[in-house]
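A.B. asks: coordinates only, no sequence provided:
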């Protein structure tokens, strides 16, 4: 179970650049630095959400590799994403309002060994004009948008 949750954390935190405000230089950080910089225990949140919304690790693996779940009709994994997002401050309790700046902090890092300097721009784009009425679907499609954009920019380039 711990290995599964650790893999989920690594999936959610797969990007790597923190912009230095004073020097305006980008500095690359390690995954452990990123995890330590987040003021919530993402692993504990994921564990808690997994108690309510059991998610098969293959869903997260598919999301990380392709940008979408293997079965997009299954609501449980989508609600798992919503639960995590609510508890780490990415989405409001009603599931309607995204906090793109918070999402950028949570997802900061690198993909495919490349620093993702534009993560804040990507989270802002994916949060804009979400039309989904189901809060679980809304959270999933925000993440799907973000993951697809990351794959396009950092895996295929």
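C.D. replies: Sure thing, it's come through. The structure displayed is predicted, hence computed values, not measured ones. Numbers count the residues shown, from 1 in each chain.
A.B. asks: now residue 53: how far from residue 126?
C.D. replies: 21 Å (CB to CB, to the nearest Å). Glycine gets a C-beta too; all of them are placed from N, C-alpha and C.
A.B. asks: just residue 44 next, same as before
C.D. replies: Using CB to CB, residue 44 is found at 25 Å from residue 126.
A.B. asks: what's the neighbour count on residue 114?
C.D. replies: Neighbourhood size, residue 114 [other CB atoms under 10 Å]: 16.
A.B. asks: any idea how far residue 82 is from it?
C.D. replies: 29 Å.
A.B. asks: now swap in residue 115 and tell me
C.D. replies: Distance from residue 115 to residue 82, by CB to CB: 29 Å.
A.B. asks: where does the prediction get shaky in the chain?
C.D. replies: Across the chain, the ranges flagged by pLDDT under 70 are 1-38, 157.
A.B. asks: and the helices in it, which stretches?
C.D. replies: All helices of the chain, identified by DSSP state H, fall at 2-12, 31-37, 42-52, 57-66, 75-88, 100-107, 119-127, 135-150.
A.B. asks: can you list the ones you listed in TSV and add mean neighbour count and distance to residue 156?
C.D. replies: Shown next, in TSV, are these (neighbours: other CB atoms under 10 Å; distance: least, CB to CB, whole Å):
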stretch	mean neighbour count	distance to residue 156
helix 2-12	16	19
helix 31-37	14	22
helix 42-52	16	27
helix 57-66	16	12
helix 75-88	22	24
helix 100-107	20	19
helix 119-127	19	15
helix 135-150	21	10
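A.B. asks: please produce TSV containing those, extended by distance to residue 94.
C.D. replies: Putting these into TSV (distance: least, CB to CB, whole Å) gives the following:
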stretch	distance to residue 94
helix 2-12	22
helix 31-37	28
helix 42-52	17
helix 57-66	24
helix 75-88	9
helix 100-107	16
helix 119-127	15
helix 135-150	7
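A.B. asks: first to last residue in stretch 84-95, what's the distance?
C.D. replies: End-to-end distance of stretch 84-95: 11 Å, with CA to CA, to the nearest Å as the criterion.
A.B. asks: how many neighbours does residue 94 have?
C.D. replies: Around residue 94 there are 8 residues (other CB under 10 Å).
A.B. asks: what's the closest non-adjacent residue to it?
C.D. replies: Leaving aside its chain neighbours, residue 94 sits nearest to residue 135 (6.8 Å; criterion: CB to CB, 6 or more residues apart in numbering).
A.B. asks: tell me the contacts of the one you found?
C.D. replies: Neighbouring residues of residue 135 by CB atoms under 8 Å, 6 or more residues apart in numbering: 82, 91, 94, 95, 96.
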